[in-house]
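Trainee: got a sequence here, can you build the structure:
(chains A and B)
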Amino acid sequence: MKDPVGGNQRRARFQALCQSLRPDLLRFAFWLARDRALAEDVVQETMIRAWKAQDSLLDEGAAKPWFLTIIRREYARSFERKRFVTVDVEELIAKEEPMLAAADDQELTELRAAIFKLPGEYREPLVMQVLLGYSTAEIAAELGLSNAAVLTRLFRARKQLRVMCGEDTSLDPEE
Amino acid sequence: MMDCEQFRRTLLAEPSNEDAELRLHLATCHECTRFALQLRRFEGRLERALRVEVNPRLMEQRVVTPLRAAARRGARAWDPPHRRWLAAAASVLLGTAVAFSLWLAAPGRSLAADVVKHMAEEPNAWARTGIPVPEPLLGKVLIDSHVRLRPSAGLVSYASSCSFRGHTVPHLVVQTDSGPVTVMVLSHEALRSAMRFNEQGYRGVIIPVHGHGSLAVLERGPETNMKTVEGVAARVLGALDWST
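Mentor: Numbers count the residues shown, from 1 in each chain, chains lettered A, B, ... in the order given. Next up is the predicted model:
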């Protein structure tokens, strides 16, 4: 027999969960794909897949990594479905200019463009750490890397960003 | 003992690392303190840079609507029909009672103006959605006003503790079939009589709540109307439980 009250409450909780997480998930997808339209497609598909598979989410506390894993898979699938041509990063920046522009803050706009220029292997762990608040161990588990490898990527990501943004790097350690 | 090179490498990878060794080095090294301050400023900018603006309308179209459709398909079949009739009847009765008690009252005019002014500061609260705000958040927002809200109030999609006339008040958005309606629980704003208002595109009512200030309820959409507002006011009033 169905449990209408429990079922409805569970669905409501799940909807609330999606609502609270979706802005950051969309941001993560955007930085991953560097393409707003593709990010929206990926998140939409993720939400629908998550909805169908909600019974497999046993612990709401684990929702964020659960969604993140689905997003990363969906993003990978988008490569299987379409054959992407190599695009110049300056073209990507120009295309996504409305998303990257920060009103009255040219430095922030430049920093966003610099993040676009980071290699994916550095950009992804950086976004997971700064935007989503992941620990090094959590990033390592999600990306299938060792903690040391994650730390190296995070170090390089910041180092490259700081150089691209013209920060005072005189005190930065060498590679 | 950690050296400067190790300290800076660690901090560039994990700026929020608060390891005891790092703190010890920081306390003794002037150059690394300067480096840490520089990096902290950079981190603040980095975090802001990553928080690109998410267009709520696009989110609604591309993410929320499919989810809401899936939810509706799942939930409607299980809604006991007699409960819907009872809820509708109760709403009509309470709505009528509120409508009878409404008339314009001059002292409340500036209160209405302040409520409308507050609305203009939170445009994102007006999203039309079928997704309720998480229960713990709603509870947290209401607890400061010593009030609880029973589910009969309807689907609350937004809850925020807002500063209003020097007090922190709950600001809620209740979804209706014709759009979102905003409710502010104004425990500190006693009112002698109920009033309607229509200012700057917002229409609403402020009704006195005996011993607990007043309740402001308003809408701004083309699809909602005063009947919807009064219905929500009646429903919310009936669903509020005051603990003091």
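Trainee: CA only for contacts and neighbour counts going forward, please
Mentor: Fine.
Trainee: centroid-nearest residue for the chain?
Mentor: Unless you meant another one, I'm taking chain A. Nearest residue to the geometric centre of chain A (Cα atoms, centre = their mean): A:Phe28, 2.2 Å.
Trainee: wrong one, I was asking about chain B
Mentor: Geometric middle of chain B (Cα atoms, centre = their mean) lands on B:Ala159, at 2.5 Å.
Trainee: correct me, but that residue touches B:Leu138?
Mentor: Yes. B:Ala159 lies in contact with B:Leu138 (Cα atoms under 8 Å); the separation is 5.7 Å.
Trainee: what residues sit buried inside stretch A:162-171?
Mentor: A:162, A:164-165 (16 or more other Cα atoms under 10 Å in any protein chain shown).
Trainee: B:Cys29 - how many residues pack around it?
Mentor: Residues lying near B:Cys29 (other Cα atoms under 10 Å in any protein chain shown) number 13.
Trainee: what distance do you get for it to A:Asp24?
Mentor: According to Cα to Cα, to the nearest Å, B:Cys29 and A:Asp24 sit 37 Å apart.
Trainee: quick one on the thing from earlier: contacts only, for the residue nearest to the centre of chain B.
Mentor: B:133, B:137-138, B:141, B:170-173 (Cα atoms under 8 Å, 6 or more residues apart in numbering or on different chains).
Trainee: ok, and the closest non-adjacent residue to it?
Mentor: B:Leu172 (4.5 Å; Cα to Cα, 6 or more residues apart in numbering or on different chains).
Trainee: identify the residues contacting the helix or strand containing the one you found?
Mentor: Element membership of B:Leu172, judged by DSSP states H and E, is strand B:167-176. Strand B:167-176 has contacts (Cα under 8 Å, 6+ apart) with B:125-126, B:128-130, B:141-142, B:144-145, B:153-163, B:180-188, B:228, B:232.
Trainee: again, only this time at 7 Å
Mentor: B:125, B:141-142, B:145, B:154-163, B:180-186 (Cα atoms under 7 Å, 6 or more residues apart in numbering or on different chains).
Trainee: given it, what are its sheet partners and their directions?
Mentor: Using DSSP bridges, strand B:167-176 pairs in its sheet with strand B:155-164 (antiparallel), strand B:179-186 (antiparallel).
Trainee: neighbours of B:Arg150, just the number please.
Mentor: B:Arg150 has 13 nearby residues by other Cα under 10 Å.
Trainee: for it, which residues are in contact?
Mentor: Going by Cα under 7 Å, 6+ apart, the list of residues near B:Arg150 reads B:239-240.
Trainee: now tell me which helix or strand of chain B has the poorest mean pLDDT.
Mentor: Using mean pLDDT, DSSP states H and E, helix B:81-100 stands out as the lowest-scoring helix or strand of chain B, at a mean of 43.
Trainee: going toward the C-terminus from that helix, what's the next helix or strand?
Mentor: Defined by DSSP H and E, the subsequent element after helix B:81-100 is helix B:109-121.
Trainee: any buried residues in that next one, and which?
Mentor: For helix B:109-121, burial by neighbour count (16+ other Cα under 10 Å) applies to B:111-113, B:115-116, B:118-119.
Trainee: just put those residues in a markdown table and tack on pLDDT.
Mentor: Converted to a markdown table, the buried residues of helix B:109-121 look like this (pLDDT from 0 to 100):
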| residue | pLDDT |
| --- | --- |
| B:Leu111 | 85 |
| B:Ala112 | 85 |
| B:Ala113 | 84 |
| B:Val115 | 88 |
| B:Val116 | 85 |
| B:His118 | 84 |
| B:Met119 | 82 |
